[in-house]
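Chemist: Test case, fold it:
(chains A and B)
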Amino acid sequence: MPDDLNWAIGGEAGDGIDSTGKIFAQALSRAGRHVFTSKDFASRIRGGYTASKIRTSVDRVESVVDRLDILIALTERTVHENEEELHEDSVVIYDGERSTMQDVEVPHGATALEVPLKRLAEEAGGAIMLNVVALGAACEVTNFPIENLDESLQKRFGDKGEAIVENNKKAARKGQEYVREEFDYDFGYDVETTDEDYVLLNGDEAIGMGAIAAGCRFYAGYPITPATDVMEYLTGRIDQFGGKVVQAEDELSAINMALGAARAGARSMTATSGPGIDLMTETFGLVATSETPLVICDVMRSGPSTGMPTKQEQGDLNMTLYGGHGEIPRFVLAPTTISECFWKTVEAFNLAEKYQTPVFLVSDLAMAVTEQTFSPDTFDMDEVEVDRGKVVDENDIDAWLDEKGRFQAHFAAADGISPRAFPGTTDGAHMTTGLEHDELGRRTEDTEVRVEQVDKRNRKVETAKEEEEFDYREFGDPEADTLVISWGSNEGAMREGMELLAAEGIDVRFISVPYIFPRPDLSEEVEAAETTIVVECNATGQFADVIEHDVLERVERINKYTGVRFDADELAEEVKATLEGSTTAEVEAE
Amino acid sequence: MSSDIRFTDFKSDKQPTWCPGCGDFGTMNGMMKALAETGNDPDNTFIVAGIGCSGKIGTYMHSYALHGVHGRALPVGIGVKMANPDLEVMVSGGDGDGYSIGAGHFIHAVRRNVDMSYVVMDNRIYGLTKGQASPTSREDFETSTSPDGPNQPPVNPKALALAAGATFIAQSFSSNSQRHAELVQEAIEHDGFGFVNVYSPCVTFNDVDTYDYFRDTIEDLGETDHDRHDREQAKEKILEGDKEYMGVLYQDEDSVPFEEREGVEGSMAEIPDGAPEGAMDLVREFY
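Modeler: Below you'll find the predicted structure:
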C-alpha cells in the first residue's frame, strides 16, 4: 500500500458533496494527518456531476495524483467518471439498494462495497444523513478511528442543535458497524493518526487572513467565482478588527470604493476574477497616477470571456502585467502555495504603501478551492511586519510644504516616493487626479513636468528593485542540466513530479517564481541549463514569453488549458516527453 | 477646525477655465459657502469629482480632493467616508457623469445612504466635448450627435432617486446663489445621502435651457406649502414634466446613514505596527 490515501466522494451537485468532503478532511487534519483537497467538475459531459477529493498522508502532500483508493459513489456516473483512477486495491462504497445503482460495475478488480446508505441513514434519523453513513463506512475500511469524525460533525452541525449532531454520530456508526459485520475482512488500509496539530485552509481564506493580519480595514468587492471566498472570509471577521466589507454594485464600483478608502488612509483591497479584472482596468491608471496604495487580487479562472468559471487556468498574467491604457508602474505578486497566499498578501500591502502603487496579487482557482494542512506556526502572526511608508503628520508636514505653504503630494523625490498625508492632517489638503499633474497635484500639460512626473512614478519600481528582494524558490539539484520554471499553483505538483523523475534517473532543477513584476533575473540559471522548460496552465505560455524576453533565449513550454490543474504524474511524463523531443536534451534513463 | 473659516479658504489659487458666464461658477461658490457655513475646513473636507467641466471643481477648490474617472466619483466618495466618517465628503459631477455612465452607481449610492452630499451640475448638455446630447437633454434638442434631437425622453434624476429610496432630494439653481448655498448646506447637514441637482446653465452650447428659461419657469418650493416630509407630494412634484422647482423636494428625517447602521466607528487609518492583537485566533479557527 502506498503511504498516502486518496479518497473521494462524488454525486450530483446538491448532494452535499462539498460539505461531506470538508467533514472528512477536517477529521483527518484533527487526527494529525496531512490533507490536500481538490474539487472535480467533469468536463466530458454536461451535467451536475461533482466530486470532492482528498489526498492524505502522515507526510506533507502538495498535489493531486491520478489514483483513487476509496471512492464513495452516490451516483452510477461517479464510478464511470473515476474509472481510470481506480485499481485492484480500490474500494468503491455505494448503495446497491437504490434502483439506479443496481447495475454498477466496479472496474479494474476494485472491491465493490454495497452499503445500504439510505436505509441506515433512515434508521439513524433521516435519509439526509446518507453521506455520513458512507463516511462511517470509509472509516471502517481504512481503520480510521471514528471518534475523529465526531468533532468535525460537531463543527458542521453544532449550530443546528445537539440532536442533529447526535443523529449524525449515530449515522456514522451505522455505516461503520455495517461494514464490520457484513464484510469481515481486511481491506489492507491502515490510516495512521499522529499527535501533530494542523490547521486546514484554502488559498482564498489564506488571502483574507493575510489581509487582516496586514491591517487591511476596508474591502469592497463583487461576488465572482473563485474569488468570493475572500470576501466571505473577511465579512464578519474584519469587523472585529475595526474594518468593513462592502459588497459593491459592480467591480467598477468595488475598485473605486477601495481606492477612496485607501486615500482616506485605510489599508484597502479588492478581489475578483478575470471578468471583474477587465471591468476594473479603467481604474488601474488612476490608482497609479494618483499614487494610491491599493491591493488588487485576481483569483484566476478559465477565460476568455466567461470561459469556464469553475475551472483552473493561469491566463491573466498578461492582463495584470500590462492591463490598462498608458504605462502603469505596478507590482505583480503570484503566490505559489496556499501558505504563500497569506504571506504574499501581507507583502502586497507593504509594497502598496511603501511605493504608493497598485499591487496585483494573482492567485488561481486551483489554490482558491484547495484546502491544505499546515502547522499553525506557518502563519506566525508575530512575524507579520507592517510598513506604511512615507506617511507624514502635522509634526513633520512642514518639510513638505512649498514656499506658499501648499502640500507637495507628488513631490518628485529622488527615490520616486512622495510624502503621504491622510485627509484630516492639518495643512495637508491637496488635490490628486488621474490627469497629469504637477507636484501639487494640479493638472498640467507642461512637457517638462509631464516627463518629470512619469519618470518619478517609474522610479519607484527602480527603487523597489534595489530595496526589495524579488527572489524565487528553488528545489532539486542546482547542477542539473534540466531547468524547470513555473509560477503560481503548479509548485506542489512539480515538486512531486521531480521526485518521480528522480526515481527514473532524471535530475531536475526547479525554480518556482512568486514575482511576476518585478521578477528575478533568471539569465544565469537558464544559461547554465541545457534545457529550460516553463510550466504553466495556459495555452500560449505567457510566463514563458516574459522569460524569453528577459534571457534572450528560447525555452521549452509545458502548457495545460483543459481547465484541470496539473497533477504530479502528468508533469513528470510531460517533462520526460519534452526532454525526449528537445534537440538540446539528453535523457538519462535508468 | 477653526471657527473663523471663510468660504474663500476653500478656494485654490488656480483660475477656473470655465467659459465666462458658466453656471458652474455659482454652483462652486455655493458649495464653498455651504462648507464654511457648516463649520468645515479644507483639512477635514474631501471633494470627489468625475470627468467633464464639473469634474474640474476639485482643482479650483482647496481641500483634500480626488478627480477620478468618468462616472465613478460616487464609489470613491463612499470609500472615503466609510474609511473615515469624521471627514466631510462631498461628491460633485455633471449630468453625463452622474446620470449616464454613472447612473448605476447613482442608484446604489442613493440606496446605500452614506452620509455625504452629492451636487450634480445639470446643464443638459455635454460641454467639454463641445455640445452633444446628455441624458437630461430634451427629446427634441438638436446637437451635433442628435441632429433631430435624441428622440428619447430625458432621465429624471429626482424620480430615480425617489424610487431608489433617497432620504434627501433637492433642486437648486446656480444663479440664485443665496438659495443654492442654503440647499447645499441642508444636504451637508442631512444625516445620509444629500442629493442636490443644480441647474447650472451652459452658455456656450445650450441655447434652450438658459438662465432666462430657468428664471422664468422655476418655482421656489420654500414659498409654497410643499411638505418636504411627504413622499406623495414629492412624487407628484417630481413627476410633473413641465415644471421646474427649487428647494427641498423630499427629506426623510428618520434617515440613519449606512456607515452608522454598519457600525463604523472613526477612522480606519490607524493600524498597529504588526498583526493586530488576537490575530492568532484567526489561525486557530482552522483547527
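
Chemist: And residue 267, its phi and psi?
Modeler: Here I'm looking at chain A. phi -70, psi 130 (degrees, to the nearest 10).

Chemist: so residue A:102 touches residue A:95, yeah?
Modeler: No - counting by CB atoms under 8 Å, residue A:102 sits too far from residue A:95 to count as a contact (9.9 Å). Placement of C-beta: from N, CA and C, glycine included.

Chemist: And the pLDDT at residue B:84?
Modeler: Looking at residue B:84, its pLDDT stands at 98.

Chemist: Ignore what I typed, I meant residue A:162.
Modeler: 94.

Chemist: Count the neighbours of it for me.
Modeler: Other residues within reach of residue A:162, judged by other CB atoms under 10 Å in any protein chain shown, total 10.

Chemist: Hmm, residue A:148 and residue A:135 touching each other?
Modeler: No - in this structure, residue A:135 is not within contact of residue A:148 by CB under 8 Å, at 10.6 Å.

Chemist: quick check: longest helix of chain B.
Modeler: helix B:23-37 (DSSP state H).

Chemist: Show residues contacting the next helix or strand after that helix.
Modeler: For helix B:23-37, the succeeding helix or strand toward the C-terminus, using DSSP states H and E, is strand B:45-49. By CB atoms under 8 Å, 6 or more residues apart in numbering or on different chains, the surrounding residues in contact with strand B:45-49 are A:260, A:263-264, A:423, A:429, B:10, B:35, B:55-58, B:61, B:63-68, B:73-74, B:76-77, B:80, B:87-93.

Chemist: Identify those among those residues that sit within strands.
Modeler: B:64-67, B:88-93 (DSSP state E).

Chemist: if we look at chain A, which of those are close to it?
Modeler: B:64-67 (CB under 8 Å from any CB of the partner chain).

Chemist: Pull the number of nearby residues for the residue in the stretch 1-150 of chain B positioned nearest to chain A.
Modeler: Using CB to the nearest CB, the closest approach of the stretch 1-150 of chain B to chain A is made by residue B:79 at 2.5 Å. Here the number of neighbours of residue B:79 (other CB under 10 Å) works out to 32.

Chemist: Local confidence estimate at it?
Modeler: 98.

Chemist: contacting residues around it?
Modeler: A:218, A:220, A:256-264, A:268.

Chemist: what does residue B:241 give?
Modeler: So residue B:241 contacts nothing (CB under 8 Å, 6+ apart).

Chemist: make it 10 Å
Modeler: Residues near residue B:241 by CB atoms under 10 Å, 6 or more residues apart in numbering or on different chains: B:153-154, B:156.

Chemist: Per-residue pLDDT of it, please?
Modeler: 73.

Chemist: measure it to residue B:159 for me?
Modeler: 10 Å (CB to CB, to the nearest Å).

Chemist: Which residues are in contact with each of residue A:135 and residue A:148?
Modeler: Joint contacts of residue A:135 and residue A:148 (CB under 10 Å, 6+ apart) are A:24, A:27.

Chemist: More neighbours: those two, which one.
Modeler: Using other CB under 10 Å as the criterion, residue A:135 and residue A:148 rank with residue A:135 on top: 29 against 20.

Chemist: Am I right that that one falls within a helix?
Modeler: Yes - assessed with DSSP: H, G, I helix; E, B strand; the rest coil, residue A:135 lies in a helix.

Chemist: Point out where chain B drops to low pLDDT.
Modeler: B:1-3 (pLDDT under 70).

Chemist: all strands for it, in order.
Modeler: B:45-49, B:64-67, B:88-94, B:117-122, B:168-173, B:194-199, B:218-220, B:244-251.

Chemist: rewinding a little: now flag whichever of the contacts of residue B:79 is closest to residue A:409.
Modeler: Nearest to residue A:409 among the contacts of residue B:79, counting by CB to CB, is residue A:263 at 10.5 Å.

Chemist: wait, doesn't the closest one sit right on residue A:431?
Modeler: No - using CB atoms under 10 Å, residue A:263 makes no contact with residue A:431, being 11.5 Å away.

Chemist: Mutual contacts of the two, please.
Modeler: Residues touching both residue A:263 and residue A:431 by CB under 10 Å, 6+ apart: A:290, B:64-66.

Chemist: now, which of the residues you listed sits nearest residue B:104?
Modeler: Relative to residue B:104, the closest of those is residue B:66; by CB to CB it sits at 19.8 Å.

Chemist: Redo the contacts of residue B:241 as TSV? Include neighbour count and distance to chain A.
Modeler: Putting those into TSV (neighbours: other CB atoms under 10 Å in any protein chain shown; distance: CB to the nearest CB, whole Å) gives the following:
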residue	neighbour count	distance to chain A
B:153	9	24
B:154	18	23
B:156	17	20
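
Chemist: Okay, and which of those map to helices?
Modeler: Using DSSP H, none of the contacts of residue B:241 sit in helices.

Chemist: Take those and write them to CSV, including distance to residue A:72.
Modeler: Below are these laid out as CSV (distance: CB to CB, whole Å):
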residue, distance to residue A:72
B:153, 61
B:154, 62
B:156, 59
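
Chemist: right, and the pair among the shared contacts of residue A:263 and residue A:431 with maximum separation?
Modeler: For the shared contacts of residue A:263 and residue A:431, the maximum inter-member distance is 11.9 Å, found between A:290 and B:64 (CB to CB).

Chemist: Let me see the ranges of the helices in the stretch 1-150 of chain A.
Modeler: A:17-30, A:76-81, A:117-124, A:130-142, A:147-157 (DSSP state H, counting those that start in this stretch).

Chemist: who's residue A:486 bridged to?
Modeler: When bridges are called by DSSP bridges, residue A:486 pairs up with residue A:512, residue A:535.

Chemist: can I assume it is in contact with residue A:555?
Modeler: No - assessed by CB under 10 Å, residue A:486 is found out of contact with residue A:555, at 11.6 Å.

Chemist: Name the residue in the two with the higher neighbour count.
Modeler: residue A:486 (25 against 20).

Chemist: Can you give me the pLDDT of that one?
Modeler: On the pLDDT scale, residue A:486 gets 98.

Chemist: Enumerate every residue touching it.
Modeler: A:314, A:336, A:493-494, A:510-513, A:533-537, A:543-544, A:558, A:566, A:571.
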